[in-house]
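*Asks:* build the 3D model from these lines:
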Amino acid sequence: MGFWERTWQERGDEVRRRFGPTDPPDYVVSFSWKDVRLPGACALIFPPVLETGDPRGAWHRRDHWLYLTLGLTQPLDKKQVERERRAGKQYSSYGFELGILTADRADWPPQALYLFLSHITEGLNLKWGDRFAFGFRNESGGKIVPFTGLAQDRGINPVGNIRAMLF
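*Replies:* This is a model prediction of the structure:
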């Protein structure tokens with residue numbers, strides 16, 4: 001197993017150790033773009049954890065569904081890690097992942113996370129406390145889906161009152 005595969009597996013194992021098994025088990029929502037941006041990027045879906053299941057206490061109680069990205073912290077290779085350490089960075093690649101908590105299981109969070117990752121890989125510099133234009137719209141067939149950007153600029157008639165995501 002090479003560096004990339006090993007570090008990818010280590011990150012995935014640590015996330016599952018912290019948050020429990022995904023639902024369905026060992027399932028991810030894969031992300032892809034026409035150009036190579038974040039190899040292996042995906043969203044993991046974690047159900048509520050009502051009791052800690054790890055005898056070491058690694059899992060914590062969570063009453064909500066957690067949708068979490070995996071890919072923003074993944075270095076491409078050892079050379080990238082070496083460059084980052086020489087530059088004084090304590091983290092790899094973007095240095096953070098994104099998550100969304102919902103009271104109930106929902107279809108929209110992985111789609112929203114994909115949109116946010118797309119903007120980040122296109123150069124959006126998100127910082128703690130930033131507000132990013134976001135909302136929901138009706139798709140053909142009545143399905144409600146997320147969108148990013150200002151609704152009026154995109155010619156979208158938004159559904160509901162949500163107009164931004166706070167990071």
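*Asks:* identify each buried residue in the helix ranked longest in the chain, please.
*Replies:* In the chain, taking DSSP state H as the definition, the longest helix is helix 3-19. Buried residues in helix 3-19, counted by 16 or more other Cβ atoms under 10 Å: 7, 8, 11, 12, 15, 16, 19. (C-beta placed from N, C-alpha, C; glycine too.)
*Asks:* partner strands of the helix or strand just after it and their direction?
*Replies:* Moving toward the C-terminus from helix 3-19, the next helix or strand (DSSP states H and E) is strand 28-30. Within its sheet, and counting by DSSP bridges, strand 28-30 is paired with strand 42-46 (antiparallel).
*Asks:* compute the inter-axis angle for the helix or strand just after the partner strand and helix 3-19.
*Replies:* Beyond strand 42-46 on the C-terminal side, the first helix or strand identified by DSSP H and E is strand 65-70. Calculated by axes from the mean of the first three to the mean of the last three Cα atoms, to 10 degrees, strand 65-70 forms an angle of 160 degrees with helix 3-19.
*Asks:* and strand 65-70, what does it pack against?
*Replies:* helix 3-19, strand 42-46, strand 99-102, helix 108-121 (3 or more Cβ pairs under 8 Å, 6 or more residues apart in numbering; DSSP states H and E).
*Asks:* run through who's touching that strand.
*Replies:* Residues outside strand 65-70 that contact it (Cβ atoms under 8 Å, 6 or more residues apart in numbering) are 11-12, 15, 19, 28, 40-48, 97-106, 109-110, 113, 117.
*Asks:* same thing with stretch 27-35?
*Replies:* For stretch 27-35, contacts defined as Cβ under 8 Å, 6+ apart pick out 22, 38, 41-45, 70-71, 110, 114, 117-118, 121.
*Asks:* and it, what's buried?
*Replies:* Under the neighbour-count criterion of 16+ other Cβ under 10 Å, stretch 27-35 has 29, 31 buried.
*Asks:* with stretch 77-87 instead?
*Replies:* Of all the residues in stretch 77-87, those buried under the rule 16+ other Cβ under 10 Å are 81, 84.
*Asks:* before we move on, the earlier item: pLDDT check: weakest of the contacts of stretch 27-35?
*Replies:* When these are compared by pLDDT, residue 38 scores lowest at 87.
*Asks:* that one belongs to a helix, doesn't it?
*Replies:* No. Per DSSP: H, G, I helix; E, B strand; the rest coil, residue 38 lies outside any helix segment and is coil.
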